[in-house]
Structures are given as structure tokens and as C-alpha cells.
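Q: Would you be able to build a 3D model of this:
(2 chains)
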There are 2 protein chains.
Amino acid sequence: MLDTALQFIEANKANALDELKQFLRIPSISTLPENTGDVRRAAEFLAAELKRIGMENVRLIETAGHPLVYADYLHAAGKPTVLCYGHYDVQPPDPLDEWLSPPFEPEERNGNIYARGAVDDKGQLWMQVKALEALLKSGSLPVNVRVLAEGEEEVGGEGIAEFLRAHPEEVKCDVALVCDTELFAPDLPTLCVGLRGMIYTEIEVHGSKTDLHSGMYGGAAPNPFVALSQIIAKLKDADGRILIPGIYDGLQKPTDAELAAWKSLPFDEEHYRETEVGSSELTGEPGYSVLERTWARPTLDVHGMPGGFTGAGAKTVIPAKALAKVSLRLVPGMTPADTFRKLQDYVATIVPRGVSVEIRMIHSGDPIVVGTDNPFIHAATEAMHEVFGKETVFVRGGGSIPVVGDFARQLHVPTVMMGFGLPDDNLHAPNEKFNISNFYRGTESIVRFLVHAGQ
Amino acid sequence: MLDTALQFIEANKANALDELKQFLRIPSISTLPENTGDVRRAAEFLAAELKRIGMENVRLIETAGHPLVYADYLHAAGKPTVLCYGHYDVQPPDPLDEWLSPPFEPEERNGNIYARGAVDDKGQLWMQVKALEALLKSGSLPVNVRVLAEGEEEVGGEGIAEFLRAHPEEVKCDVALVCDTELFAPDLPTLCVGLRGMIYTEIEVHGSKTDLHSGMYGGAAPNPFVALSQIIAKLKDADGRILIPGIYDGLQKPTDAELAAWKSLPFDEEHYRETEVGSSELTGEPGYSVLERTWARPTLDVHGMPGGFTGAGAKTVIPAKALAKVSLRLVPGMTPADTFRKLQDYVATIVPRGVSVEIRMIHSGDPIVVGTDNPFIHAATEAMHEVFGKETVFVRGGGSIPVVGDFARQLHVPTVMMGFGLPDDNLHAPNEKFNISNFYRGTESIVRFLVHAGQ
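A: You can find the predicted model right below:
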């Protein structure tokens, strides 16, 4: 079965890439209301492909937002059931003018495919579909498989969370497979065993009742952008420490073994600074390595500050209000609700004179750490070892995949996070890409994982 | 001559307002490149009207930006020459959704005319045109008159400044009349004898070389919005004092007589807070009254902070750069160049780790104080007294009309700032308006001023 499947993958490489390009051309930006139709189109495209390759019970599951895509193939009696998860929605492509090729016209360059969603997550979801196709073409699947893909990962995943809460029996399984992470380094097989959670908030400051002329009122009317800047400057100090009282209380630290393993990873801070970040220096909490700071410490970021005058040139206005999009990343020991409350309570004590402040939670996700001592992690470790010819390393991720927490809480199953992105793939940024050879190696790794999981 | 002119105004009230509405329908937004054609259309509309009423030598004077409109009528031998100034460009209308009627579809409500530019400055420029028309219809003008209108007042007035520098002889005059200010209170005749200057800058912060995923890089990559907020928080303290070293050095304070006169003005701080500003409290430097803070003290305001993610919903990005539009208002004793240098020097000392900062000057204008002891101020005082039946008060303005400084420096003439706006006219804000009875009283005041100036 394995050999036939691998031969099928080899013989159909060009097809697989062409199909992925079709998938990438659909601008399924889940956060923008004007793209709602595109998001559904991507769901329908995925469902049609699952049907074509022979998956059964294919259907769209409606949610309050974008639909889920479900399929199964449950003919491996006595074998475990694997839930294959991915998301077909993408981040907005802006700033558009920094893309070298249009975000929704996939282009091959230097062994990569460039497009919004190439690696996050359409390309990695497509690896799963292609792995299932190869195995089905070779006769059957070595395990029972359910596919559950969502279209709201980039906006908090409310729909899938609600579905898992309400209908856990419809996706009964023994393990979840999530392909939405990355290799720690090129050619280094990697499993992700921990993710940060997050709260994404909007802090809105109101000053005057209407926009005012800054010449006439400057010196008497509160300026909401100045007030908001004063608030933000008090959220994080110059060294990168978060100043919200109690934010670091009760954090679960990585084990000594984990910290030792991280130290042995091939990580060159200066190379990372120069090639990935490109800033004059790195920032963040003193006393912690970059990997600790991005994997195991909470952070606070501002994503944008809409409002006021943002056009070219000059407008001498004191805006009536200002907004900041502010998120915190959470690590084990923190919860979204508690973190949001601490943020609210603290901001209430630092509101500048003359303005009022409202904080809204846009979405949130729990932090997660998955155990490494289960047969599915072993199967994944073995599969990647076979494909890459190297020992698989365990890392964490700084981002959030909220659904992994839902799998643990609602389905009581472990998750295997086996991803094939690279650190410089420009996720959420212009010129997102996916290494094409990693796309094929990923497909083969998934085939091998499913075979091992069935043994 | 006076009676005939006043009768003409009375008989042609509806016409005057209809013409103004045509003028207001042209979206002559000088700061937006896409409105360049509209700005020219407004200039041509004004020129055509000046020609129609009998002004001579009407022409558009090209500049590097938007054109000037010139006209003259120089037949009052032995009489002084008055330079009538106004601007035909307007501020952008955003935020559009807060307008009760569209900004470029003038609408009459409650005795006001609502439109962008209604009071700033098309309506006030139109009073001058209508005053000249009324006098010309009555036979001739009581003084020599030149008209010089610009289309770049809202973007710094480079074109008119350059023209006055290069061709002062073409607008030789004895006094300038500027109708671009307001009455201190309804029915209170007011002359403005001082204006703040300004520098309008952009502070741009660069962090990483490209936008980054805030999950993956949060805790290691610098956040330019956090850095920019930290910078802004250090520009102005919680009490409203500007923290730029030396910024208050050498300020020329108002005279004791001026301060005493300001104290006697009908100003209710609580009413101002509630009806004009509408914030929970007023802000600004402790120890100074609202009038001092807005007329005679420098201020710093942030107008907007473009960049990053500003759409609805959530995007988990660490933007590569962030921008703030920051202006300072200047008072006598300060110069734009010196203030900009102090800002640059100071910001260079407070740049947070991991980011670089660039500050650009967008435009600037000198502060100005005009003397009250000249025959033209007396003529204006008298004219307004006759129309309003009250003593005229002298105030300053917190805004900037850079051209007044140019008239002083290049033409060596005093300026009469006789304006008919009201404090709640929403300049630079949604629902800008002009009180229609003030439009007519303004027209009559200008007629009487020109008659007195000729005596």
C-alpha cells in the first residue's frame, strides 16, 4: 500500500501543484465581510476535491460564520481514527504594494510557490488531501479518517469550537493531525508540541464629541491618539516587559529537559535577527532566550491604530476617537478570560485625563502543551525520520491554533502538529510562500504517518 | 455709494446664497491628489465670478501646486489699496459617515448652510466677492482693490508664499483683508490680531524589514506601533506639558493689557467644554486659562497613526513600520525651523531599542501678532460696530493662517482679520456650517470697511 501510494504521489506531482494553485486563487479572506462569498467558494472547492478522491459523507457544515468542510472514510475496522484538520481561510494580503507577484495569482519562483495561503494553510491542507488521495488510489486507507477543515482560523475559529462543543460524537477520533506549523530549519523534521494562546482586543479612546480643528482647540481638547499612546507606553516597558499587574503570575515554565533540548537546536540569533526579522536589534524580556521569549513567555503587540487622518499630506484635526488593535500571546498557566480581565482592570487605572476608554475582546484562544509520550507522536516522529533521514526535534510555536485546545477539551484526544513551513515563509506578511519540495515531502510524511498509525 | 451697495445686497440675498452653494459643490480638497482637477475648477469658478462682477485683470497664476486667483480694480486715485485674501481649497471631509448631509451637497438647516468649506473659507471668500459686487454695482470702489485667493491654504500655502516672495510688486497694497476667522461669540464683533504658527510633521518608525506574524515573532521583533507610542508618550506629559527640551524658551507672552481683555471676554469654560469639545474634562498646561492655552501657548497634537492593520476584525501582524502625523502650534518667539530641529534632536534621544525613526516636515507657518494701532484696524472696528451695534473685541486665534506672516514679511503691510464664523462651526470636522445671517452681516461689514478705509 505504501509503495503504491508513494508512486502515485511521484507520478502526480504536477497535478497536485496545479490543483493547489486553483485553491490559492480563491481569496478566502475570512476577516473581510466583502470576501464572504470567496470563503464559501474555497469550502466548496475543497469539498468537491474530497469527494473526487473518494472520501465519503462529504458535506459543508454551516456555522454562525464560515462553513466547516467535513468528510470521512471509516473502513479500517479495529484501527484508530485520525481527524485531519486544516483551514482554508487566509489572512488579508495588505500591504498589497509590497507583493512581488499578486497575492491571489500563485507564482513559482526559486523552488517556492508564492501566494497568500501558500503555507498558511491551504498548501498544508492540500498535502493532507493529496496524501489521502494517494492512499485511496492504492486501495484503501490504513486507518479510519475524518477530515474537518474550517474557514475561520484566522478570525478566532468560533464556528469549529462551537461545533466541537455541540457535536463531539460526530468527529469521534483517537488523534488529531494538524498541518499548520513549520520545520525548525530546512531539512530538519520537526513536531510542534506547544502553542501560545492569545487574546486579540481593541482599545478605543474617546475624547471630544466630534473631530475638532487642532489649531482652534489644541491645548484644551484631549487628543485621543496621545492618550492612547500614553496607555500603550504603560502596557510594555522599554525592555519589553509587560506592565499589566499579575500578568506573569502562575506561569508554567518549560521543563529543564525541554529548555536543554531548545538550547541544542540549530539556532543562530544573529542570523535570525538579520534574515528573518531584519531589525537593528531584537527586543523582548531580558533574561530569556529568543526561543523562550517567542514560545514560552507572554507578549503584547499592537497591530495598527486606525482612526484620525491617515491620508497623504496634512489634516489639522484632533480626532474624536482613536483605536488600537492590541493582542497578548498567552502561555500555559494563563487563560484568555483572566488575562483580559487583568488588562481591563489595569487600563482602567491609567486612563489619561479627559478621555474615556473601552476595551473589546475580538477573539481568544487557550495556550496548549501536548504530551510527547503517545503512539501517534511516535508514528509521526518515525514518518518524518524516514522522509528526512534525520532525528525529529520537538519544538513549540509562538502562534496560536485555538482548535488544538478544543480537540483536547472537547474530544479528549492528543494532537500531532506536523508542519512543513519554513521560518522565512512570510506568514501573514507580503510574499507568503511555500517551498515546493516541502509540499511533496509533507505529502509523503502524512502518508507514512497514517500507515504507521495503523500498525 | 454705501446705501446703494447695501440695497443691492439686500435685494440679492438669495442669489448670493445660490452662487455660494455652486462654489461649495466643487470638492476642492487640496491635500488629495485625486481632487487636483476639482481644485482648479474652483479657481476657475471664482475667476469667472470676479470677471462677471466687473473686476479687472482677472487671471489664474500658476504655482508649483494649485493656482492663485488674481483680480484688481485700481481706479480710486489717491486712496489706499486693499488686498482681499481668501482661500478656495478645503479640508478632506472624512469621516464621511458622520455628516448628516453630504459634505459637497450644501444643505440649509436651522439658519445655517452645511457643507465642507461653508465657513472655511469659501463662504467667507464669497462675502468679499459679494461686497465688491455690491460696491461695483453702485458705481465704483471706494478704495483700490486687489483680490488674491489661494488653493493651498489647507496644505501650507507654499504657492502663495513663493509668489509673494518673487513678485511683491504685483500685489502692492497698504493693507490685507483676511476673512478666515470667527466671532468670539454670536453677535459679538471680533477682530483677530494674533495667530499661532505650526509645524506639521510625520514621524515614521521602522522595525523589522517586512511585516511579521505576531505569534511567531512576538517577544523578539520590535513593534513599531509600541515604539511610536512610547515616543509620543514622551513628547507630552500627562498634564499636557510638551516635553521637548527648550520648547518654552524665549516665548513672547501676551501683554498684561491683552490678558486683562481676554479675561473680560464672555467665556464660560464649562459651557465651552460641554458644547464645543464635549469631553469629560479639558486638558492642557496647568496654570493657564483655556484662551491662553489655545491662543498663546504652544501645543502638540497627533492627527492619526497610519500603517499596520486597520480593517475590521483581527490580523495578527507585527507591522514593519508605523507612522504618526504630529503637529506643533507655535506662538511668538518660536520659529518653525528651530522648533523642528528641537523635535528632531529630542526624538533622536528617545528612540526605543530595535527601531529607527525618521521625521519629515510636511509644512509650516510662522506665528503672528498684528498691531491694533493703524487706520485699517480702526476702519474694521468701526464697520463691525455699525453692523452689530456692539464694541468690537480683539482676540487671537489658535489656528494658523501662514499667509498673514507672508503679508507682513514680503509686503510689509498689516492684516485685518475680520471673520464671521462661530466657535461651533465644525471647521475641519464633519457637519461644517456657516450661519447664513452671519454671511450677510459679513458682506455688509466688508462693504462698510472698504468705505471707511477710503475715507
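Q: near chain B at all, stretch A:384-402?
A: Yes: residues of stretch A:384-402 contacting chain B under CB under 8 Å from any CB of the partner chain: A:397-400. No exception for glycine: its C-beta is placed from N, CA and C like everyone else's.
Q: So which of those are in strands?
A: Judged by DSSP state E, the subset of those located in strands is A:G397.
Q: which other residues reach whichever strand or helix holds A:K21?
A: Element membership of A:K21 [criterion: DSSP states H and E] is helix A:13-24. Applying CB atoms under 8 Å, 6 or more residues apart in numbering or on different chains, the contact partners of helix A:13-24 are A:9, A:42, A:45-46, A:49, A:88, A:104, A:106, A:113, A:115-118, A:122-123, A:126, A:130, A:436, A:439-440, A:443.
Q: Just the buried residues of those residues.
A: A:9, A:42, A:45-46, A:49, A:88, A:104, A:106, A:113, A:115-118, A:122-123, A:126, A:130, A:436, A:439-440, A:443 (16 or more other CB atoms under 10 Å in any protein chain shown).
Q: Show only the entries of those found in strands.
A: Going by DSSP E, the strands hold A:I113 from those.
Q: from the stretch 301-450 of chain A, which residue is nearest to chain B?
A: A:G399 (2.6 Å; CB to the nearest CB).
Q: give the contact list for the spatially closest residue to A:L2 that is not a sequence neighbour.
A: Using CB to CB, 6 or more residues apart in numbering or on different chains and skipping the chain neighbours, the partner closest in space to A:L2 is A:V451 (5.3 Å). Residues near A:V451 by CB under 8 Å, 6+ apart: A:1-2, A:135, A:142, A:383.
Q: Which of these ranks first by neighbour count?
A: Taking other CB atoms under 10 Å in any protein chain shown as the neighbour criterion, A:L135 ranks highest of the contacts of A:V451 with 29 neighbours.
Q: Can you get me a residue count around the residue of the stretch 1-150 of chain A found nearest chain B?
A: Nearest residue of the stretch 1-150 of chain A to chain B, counting by CB to the nearest CB: A:T31, 3.6 Å away. Neighbourhood size, A:T31 [other CB under 10 Å]: 21.
Q: before we move on, the earlier item: which strand or helix spans the residue nearest to A:L2?
A: According to DSSP H and E, A:V451 maps onto helix A:436-453.
Q: sorry, back to before: check what pLDDT the residue nearest to A:L2 gets.
A: Confidence at A:V451, expressed as pLDDT, is 97.
Q: Any stretches of chain A with poor pLDDT?
A: Counting by pLDDT under 70, chain A has no low-confidence residues at all.
Q: Can you pull the domain assignment for it?
A: Here the domain parsing of chain A from automatic domain parsing is A:2-195+A:367-453, A:197-251+A:298-365.
Q: quick one: the strands in the stretch 101-250 of chain A?
A: Secondary structure of the stretch 101-250 of chain A, counting by DSSP state E, counting those that start in this stretch: strands at A:107-109, A:112-114, A:144-150, A:175-178, A:190-195, A:197-206, A:212-213.
Q: would CSV of the ones you listed with distance to chain B be doable?
A: Shown next, in CSV, are these (distance: least, CB to the nearest CB, whole Å):
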stretch, distance to chain B
strand A:107-109, 16
strand A:112-114, 13
strand A:144-150, 15
strand A:175-178, 14
strand A:190-195, 8
strand A:197-206, 4
strand A:212-213, 4
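Q: any residue of stretch A:428-443 up close to chain B?
A: Yes: using CB under 8 Å from any CB, we find that stretch A:428-443 touches chain B at A:428-431.
Q: can you list these in TSV and add secondary structure and distance to B:R297?
A: Below are those laid out as TSV (DSSP: H, G, I helix; E, B strand; the rest coil; distance: CB to CB, whole Å):
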residue	secondary structure	distance to B:R297
A:H428	coil	44
A:A429	coil	44
A:P430	coil	44
A:N431	coil	48
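Q: quick one: which of the residues you listed is nearest B:D174?
A: Of all the residues of stretch A:428-443 next to chain B, B:D174 sits closest to A:P430, with 59.4 Å by CB to CB.
Q: Number of residues surrounding the residue lying closest to the closest one once chain neighbours are set aside?
A: The shortest distance from A:P430 to any non-neighbouring residue, by CB to CB, 6+ apart, is to A:E98 (3.8 Å). For A:E98, the count of nearby residues is 14 (other CB under 10 Å).
Q: Could you pull up the residues touching A:E98?
A: A:430-431, B:210-211.
Q: Most neighbours among those residues, which one is it?
A: B:D211 leads the contacts of A:E98 on contacts (other CB under 10 Å) with 28 neighbours.
Q: wait, what's in contact with the residue nearest to it when sequence neighbours are not counted?
A: Using CB to CB, 6+ apart and skipping the chain neighbours, the partner closest in space to B:D211 is A:A429 (4.0 Å). Each residue near A:A429 by CB under 8 Å, 6+ apart is listed here: B:210-213, B:317.
Q: let's see 10 Å
A: A:91, A:93, A:95, A:98-99, A:116, B:208, B:210-213, B:217, B:317-320 (CB atoms under 10 Å, 6 or more residues apart in numbering or on different chains).
Q: Buried ones among those?
A: A:91, A:93, A:95, A:99, A:116, B:208, B:210-213, B:217, B:317-320.
Q: and which of those residues is nearest to B:I232?
A: The closest of the buried ones among the contacts of A:A429, once distances to B:I232 are taken by CB to CB, is B:P319, at 16.1 Å.
Q: hey, what's the residue lying closest to the closest one once chain neighbours are set aside bridged with?
A: Sequence neighbours aside, B:G308 is the residue nearest to B:P319 in space, at 3.8 Å (criterion: CB to CB, 6+ apart). Counting by DSSP bridges, B:G308 is bridged to A:G304.
Q: From the structure, what's the count of residues near B:G308?
A: Burial of B:G308 is recorded as 27 neighbouring residues (other CB under 10 Å).
Q: if we can go back for a sec, check the gap between the residue of the stretch 1-150 of chain A closest to chain B and B:L177 for me.
A: Noted for A:T31: a distance of 54 Å to B:L177, by CB to CB, to the nearest Å.
Q: what does A:L330 give?
A: A:L330 is 64 Å from B:L177, by CB to CB.
Q: can you give me the helices in chain A?
A: Ranges of helices within chain A are A:2-11, A:13-24, A:36-52, A:122-137, A:158-166, A:214-217, A:224-233, A:256-263, A:269-271, A:290-295, A:336-349, A:375-388, A:402-406, A:436-453, based on DSSP state H.
Q: Adding distance to A:M417, write these out as TSV.
A: Formatted as TSV, the helices of chain A follow (distance: least, CB to CB, whole Å):
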stretch	distance to A:M417
helix A:2-11	22
helix A:13-24	21
helix A:36-52	20
helix A:122-137	11
helix A:158-166	16
helix A:214-217	50
helix A:224-233	33
helix A:256-263	15
helix A:269-271	24
helix A:290-295	13
helix A:336-349	20
helix A:375-388	9
helix A:402-406	7
helix A:436-453	12
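Q: Against B:W295, how distant is the residue lying farthest from the centre of chain A?
A: Largest separation from the mean C-alpha position in chain A: A:M216, at 46.8 Å (CA atoms, centre = their mean). For A:M216, the distance to B:W295 (CB to CB) stands at 10 Å.
Q: again, but for A:A260
A: Here the criterion is CB to CB. By it, A:A260 lies 66 Å from B:W295.
Q: Specify which residue of the two has the higher count of neighbours.
A: B:W295 (25 against 10).
Q: Not counting sequence-adjacent ones, nearest residue to the more buried one?
A: B:W295's closest residue in space is B:R396 (CB to CB, 6+ apart), at 3.9 Å.
Q: Enumerate every residue touching that neighbour.
A: B:R396 neighbours (CB under 10 Å, 6+ apart): B:181, B:192-196, B:254, B:258, B:262, B:291-292, B:294-296, B:331-332, B:367-370, B:417.
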